[in-house]
Each structure stands twice: as structure tokens, then as C-alpha cells.
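>>> Here is a sequence with its predicted model. Questions after.
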Amino acid sequence: MDILNQEILFVGTAEAEHVEMYLKAIWHIKERGDIVKISTIAKMLNVRQPSVVQMLKKLNGQKLVNYNKAGVSLMEEGERIGTVMMRNSRLLEVLMESALKIEINEEMVCGIEHHMNKQFTDALCTMLKHPRKCPHDNEIPKGECCSTQQSNEN
């Protein structure tokens, strides 16, 4: 069989998804106006606090977060990734509830959100008419596609 006609399978890295989940959690805690604490991150991600500390040290080394005795904050690239992840997640929730008329499945959202690129996300946002709120009434971060189109208030 010709190799060009074979289906290509993609294996993403669990490590990259893990990093994205931490950044998304920190972003979300910050959005709620709460202080970003190790215990809050641990509870949100359902992991033990020592695991959170270990990951925060790693993210600090990658210049994604600023982690020290004063607390945890997102650095520029960490903020960007967290925003992208929340945008993906909330657009998928709108897709499920409004367009597909199915119950929001957070496990499915989490599985998909890591694999969405900018082109796909902007196309999805445009198809959904640039919603400003997700079904949980949280703001959806705007993308470039939103600034070029008239926004539709949800």
C-alpha cells in the first residue's frame, strides 16, 4: 500500500497538555478574582499539593509563571497560553450547547481544547457568531477574528 494514502495518526504529548491545564487553572483562578494559592490549584486540578509545587517550579523555570514566596502569577507567555485554553474551552461549550444541542461534557471539552489551533478556533468562533459569554456566563476571550467582525451579544 502506498504510504501517502495511509492515515496519519497524531500522538500529542501528555506533558504539554499537563502544562496547559495548570496555566488554564491559574488563569481561571485569577479571573475569578481569587488569590492564586497552591491549595486552590490542587483542588481545581484534583492533584496533591506537592505535585502543584513541583509543576510550578518547572513552569517558573520555563518562564511561564512567576512562582515565589509572594505567590503565583502568570508571565506573558503563560497568560497567552491560559487565555487560548480558556477561549478554546468556552467556545467548545457554546458549540455543544447552542449549535449541537447536546449536554456539555467537560471531559470531552478538555480532550479537544488542547488540539485546537488558531485557524480552527477562529473558524469556530466565526461560525458561532463571536459569542461573548459561555453557557456558564463567563466571558470568552476575544480572538483576532472578533475584532474584524461585529460582535454578537449572548
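Structure received.

>>> what sits against V53?
I38 (C-beta atoms under 8 Å, 6 or more residues apart in numbering). All C-beta spots, glycine's among them, are computed from the backbone N, C-alpha and C.

>>> how about it, secondary structure?
Secondary structure, DSSP: H, G, I helix; E, B strand; the rest coil: V53 is helix.

>>> Got the confidence number for it?
On the pLDDT scale, V53 is placed at 96.

>>> That one and V65, how far apart?
V53 is 12 Å from V65, where distance means C-beta to C-beta, to the nearest Å.

>>> May I ask you to confirm that N66 belongs to a strand?
Yes: secondary structure of N66 (three-state DSSP): part of a strand.

>>> Which of the helices or strands spans the residue lying closest to S51 once chain neighbours are set aside?
Nearest residue to S51, sequence neighbours excluded (C-beta to C-beta, 6 or more residues apart in numbering): A42, at 7.4 Å. A42 is part of helix 38-45, with elements assigned from DSSP states H and E.

>>> Tell me the buried residues in that helix?
38, 40-42, 44-45 (16 or more other C-beta atoms under 10 Å).

>>> got it, and stretch 130-142?
For stretch 130-142, a neighbour-count test (16+ other C-beta under 10 Å) marks 130-131, 134, 140-141 as buried.

>>> Start from the N-terminal end of this protein and give the strands.
Counting by DSSP state E, the chain has strands at residues 65-68, 71-74.

>>> With mean pLDDT and distance to L91 added, can I get the ones you listed in JSON lines?
As requested, the strands of the chain are exported to JSON lines (pLDDT from 0 to 100; distance: least, C-beta to C-beta, whole Å):
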{"stretch": "strand 65-68", "mean pLDDT": "95", "distance to L91": "24"}
{"stretch": "strand 71-74", "mean pLDDT": "94", "distance to L91": "21"}
